[in-house]
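J.: Sequence and predicted model, in that order:
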Amino acid sequence: MAKEPALGSPPIFIGDDVRYSPEELLLPKQYHKYVENIIIPNGLLMDRVEKMAYDIRRVYRNKELHCLCLLKGSRSFFSVLFQHLAKLSLYDEDATCAPFFEHYLRVSSSEGAASSQRLKVVSDDLRCLRDKDVLIVEDIIDTGLTLSELTKYLQQFGPRSLRIASLTLKRTPRSNGQAADFVGFSLPDKWVIGFSFDCDQMFRDMPHVCTLSDNGRRLLGLSP
């Protein structure tokens, strides 16, 4: 399977000391007790996703691109990204094909021996991916274990190319080194909530990406 060079721009580095108070930006009041700091304001999120769409369009322009959204986490990122991809196509008078085709996957995993992962994938028939350019759209790369197994799983369908677009990449010693071709932000090793990121199905309606406070962990019954 051919592998194209990574052409995405470098991620925006969010330092460990980057923080905005929940009082400085608009945040649902019911969530203030859970939030430590805002680390990616919504305006920066939107601008960065638009730039990612531009980079993706530059690589895949006039190619049959099949995008795989990993539910539920990637849905918010996926939606904004595709709005920008569609807009870029709208003003391209030399476009020859649709800007993308979308597919939705539910992926779960359990630990196996030697830190391997047993993967369960629920999706439509993916045999349509044969000889196509495929882009996995993910919200975050943390340990990278599940994503590594997913890329192996997808190769059985014979895509022409297989790449990854991730909104965020966490700087963590737990990482297996899994990378992405398009990355929005490099994050510190903290628990994040908001926008694409939930905890017990909460917080996806928050417009910003925030870190979860110690008090928030206690309220949610999580270990410190």
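T.: Structure's in. What do you need?
J.: State the next helix or strand along the chain beyond the longest helix anywhere in the chain.
T.: The longest helix of the chain (DSSP state H) is helix 42-60. Using DSSP states H and E, the next helix or strand after helix 42-60 towards the C-terminus is strand 65-71.
J.: Helix, strand, or coil at the most centrally placed residue in the chain?
T.: Central residue of the chain (Cα atoms, centre = their mean): D139, 2.0 Å from the mean position. Secondary structure, DSSP: H, G, I helix; E, B strand; the rest coil: D139 is strand.
J.: So which bits of the longest helix of the chain are buried?
T.: 42, 44-45, 48-53, 55-57, 59-60 (16 or more other Cβ atoms under 10 Å). (Glycine included, C-beta is placed from N, CA and C.)
J.: returning to that earlier point: so what's the nearest residue to the residue nearest to the centre of the chain once chain neighbours are set aside up against?
T.: Excluding its sequence neighbours, the residue lying closest to D139 (Cβ to Cβ, 6 or more residues apart in numbering) is S196, at 3.9 Å. S196 makes contact with G73, S74, R75, S76, F77, D139, I140, L167, R204, according to Cβ atoms under 8 Å, 6 or more residues apart in numbering.
J.: What of P10?
T.: So P10 contacts V183 (Cβ under 8 Å, 6+ apart).
J.: Give me the three-state assignment for it.
T.: Going by three-state DSSP: P10 is coil.
J.: Angles on the backbone of it, please.
T.: Backbone torsions of P10, given as degrees, to the nearest 10, read phi -60, psi 150.
J.: do the same with L85
T.: phi -60, psi -40.
J.: Where does pLDDT dip in the chain?
T.: 1-6, 110-117, 224 (pLDDT under 70).
J.: where along it do the strands fall?
T.: 12-13, 35-40, 65-71, 101-111, 117-123, 133-141, 161-170, 182-187, 192-193, 209-212 (DSSP state E).
J.: how about those, which one is nearest L26?
T.: strand 35-40 (10.1 Å; Cβ to Cβ).
J.: For that closest one, buried residues please.
T.: Using 16+ other Cβ under 10 Å as the test for burial, strand 35-40 gives V35, E36, N37, I38, I39, I40.
J.: Distance of the residue lying closest to V49 once chain neighbours are set aside relative to C69?
T.: In space, and not counting its chain neighbours, V49 is closest to V80: 4.9 Å by Cβ to Cβ, 6+ apart. When Cβ to Cβ, to the nearest Å is the yardstick, V80 and C69 sit 12 Å from each other.
J.: Check D55 too.
T.: Counting by Cβ to Cβ - D55 and C69 are separated by 18 Å.
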